[in-house]
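In: what follows is a predicted structure for the sequence shown.
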Amino acid sequence: MATPRTAVVHRFTVENARPALGIQRGEVAERHAVGQYGAHHLGNRGAARQVHQRPARHAAPLIDIRLAQMEPTDLRGIPFRDGRHVVWSVPAALPDQERHGTRGILFLDELTSAVPTVTAAAYQLILDRRLGEYRVPAGWAIFAAGNRQGDRGVTYQMPAPLANRFAHYEIEPDLDDWVAWAHASGVDDRLIAFLRFRPDLLFQFDPARYASAFASPRSWEYANRALAKFADHSELLGEALNACVGAAAGSALRAFLAHIGAIPDLTAIAEGRDADVPRGTELQYAVASALARHIGRLPTSLQAHAAGHALDYARRFPQREIGVMLVMDLQRLLGRPLYELPAFAAWAGDVSDLLSFERS
């Protein structure tokens, strides 16, 4: 049987993970535990980790417990004699208000890969927010993640009593989320441009067909490392990419890299000086990705001015969708101040029909 039927959330990441966990409004103790499911190569713990890594005013401490690596006593604790009574020692990994703070995330990873005796030990913790005399602090959310059955991972059928203790969500790959992560993580601009050019290659996993290497958000991170490691060894780069994302995706990336050539002067674009728009579509995607990264590296005092020139440049792309991608990256960088730039109104006027179509 499959993992319990879920409410599909296509973009279950930072922005909608926080409301689901109830952290922002301080209502954690009143909420269900949150269960997140996805294929084993999507990086299912990403939402919890991103909430943990947010700026200080939004961040939440994270305790990461891998249930698949535990025995029942690891979660319940070990009994010892105290006079005429038996007392259970509380595992140090469980949240403690004095040691860990008043609020945070108790993250139970690999839930569907844990043996049934371990998940049974988690029943009381998940439902009642306690284990024996131990109680989860009121400000701590319980967030679990696991792989789906049918995705060629190591999984056990979730018992119905445990499944009924969760609000269930399913995670799916999303290119915009991956691009936002890639920009923040310093991923090669050429790789970001390639996946925007070929979004169908972000995730290519067929559970009915065995493949040791295939394209996924996780394996593209490995491909990024290969690009850096073998930059001066072109004879090795091809096989390294194939080993990360499979032969088809690796070959497509190599062909893309071979054709994009040299991109225009990004400094000239950011300063409003003359710069041509490349003819090739591949190179236009590369310019859009690299320009946003270039502006992000500028001093904060110069970013708005440079973004205004980038907006003017975005209006010149023959394919307006590429300009939209550039502006989306600028919005992630600048936030609402981007909308106040005079150049934004001019660009928005050019693409108003396109944006209206996308909203519908």
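Out: All right, it came through fine.
In: check which residues of stretch 84-96 are buried.
Out: For stretch 84-96, a neighbour-count test (16 or more other C-beta atoms under 10 Å) marks Val90, Pro91, Leu94, Pro95 as buried. Where C-beta positions appear, they are placed from N, C-alpha and C, glycine not excepted.
In: ok, those residues vs Ile269, which is closest?
Out: Closest to Ile269 out of these is Pro95 (48.8 Å), distances taken as C-beta to C-beta.
In: could you verify my assumption that the closest one touches Trp140?
Out: Yes. With contacts counted by C-beta atoms under 8 Å, Pro95 reaches Trp140, the gap being 4.8 Å.
In: overlap in contacts, those two.
Out: Shared contacts of Pro95 and Trp140 (C-beta atoms under 8 Å, 6 or more residues apart in numbering): Gly104, Leu106.
In: which SSE is Val187 in?
Out: Assessed by DSSP states H and E, Val187 sits outside every helix and strand.
In: count of neighbours near the closest residue to it other than its chain neighbours?
Out: In space, and not counting its chain neighbours, Val187 is closest to Asn224: 4.9 Å by C-beta to C-beta, 6 or more residues apart in numbering. By other C-beta atoms under 10 Å, the residues close to Asn224 number 19.
In: Asn224 against Ile192, yeah?
Out: No. In this structure, Asn224 is not within contact of Ile192 by C-beta under 8 Å, at 9.2 Å.
In: if we can go back for a sec, show me the contacts for the residue nearest to Val187.
Out: The neighbours of Asn224, taking C-beta under 8 Å, 6+ apart as the test, are Ala182, Val187, Asp188, Leu191.
In: just checking, next helix/strand downstream of the helix or strand encompassing it?
Out: Taking DSSP H and E as the definition, Asn224 sits inside helix 217-229. Next helix or strand after helix 217-229 toward the C-terminus (DSSP H and E): helix 234-245.
In: quick one: that following helix to helix 217-229, angle?
Out: Interaxial angle of helix 234-245 relative to helix 217-229 (axes from the mean of the first three to the mean of the last three C-alpha atoms, to 10 degrees): 170 degrees.
In: for helix 234-245, list the C-alpha coordinates in PDB.
Out: Extracted C-alpha coordinates of helix 234-245, given in PDB (Å, rounded to 0.1, in the frame of the first residue of the first chain):
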ATOM      1  CA  SER A 234      37.500  18.900 -19.900                       C
ATOM      2  CA  GLU A 235      38.400  15.300 -20.800                       C
ATOM      3  CA  LEU A 236      37.000  14.300 -17.400                       C
ATOM      4  CA  LEU A 237      34.100  16.600 -17.100                       C
ATOM      5  CA  GLY A 238      31.800  14.700 -19.400                       C
ATOM      6  CA  GLU A 239      32.000  11.500 -17.500                       C
ATOM      7  CA  ALA A 240      31.800  13.200 -14.200                       C
ATOM      8  CA  LEU A 241      28.500  14.900 -15.300                       C
ATOM      9  CA  ASN A 242      27.100  11.600 -16.600                       C
ATOM     10  CA  ALA A 243      28.000  10.000 -13.300                       C
ATOM     11  CA  CYS A 244      26.000  12.700 -11.400                       C
ATOM     12  CA  VAL A 245      22.800  13.100 -13.500                       C
END
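In: how far does that helix sit from its chain's centre?
Out: 25 Å (C-alpha atoms, centre = their mean, to the nearest Å).
In: mean confidence score for it?
Out: Mean pLDDT, computed over helix 234-245, is 92.
In: may I see the buried residues of it?
Out: For helix 234-245, a neighbour-count test (16+ other C-beta under 10 Å) marks Leu237, Gly238, Ala240, Leu241, Asn242, Ala243, Cys244, Val245 as buried.
In: in TSV: these, plus distance to Val86.
Out: Formatted as TSV, the buried residues of helix 234-245 follow (distance: C-beta to C-beta, whole Å):
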residue	distance to Val86
Leu237	61
Gly238	63
Ala240	56
Leu241	58
Asn242	58
Ala243	53
Cys244	52
Val245	54
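In: from those, pick the one nearest His168.
Out: Nearest to His168 among the buried residues of helix 234-245: Val245, at 30.0 Å, using C-beta to C-beta.
In: does Ile105 belong to a helix, a strand or coil?
Out: Of the three states, Ile105 takes strand under DSSP: H, G, I helix; E, B strand; the rest coil.
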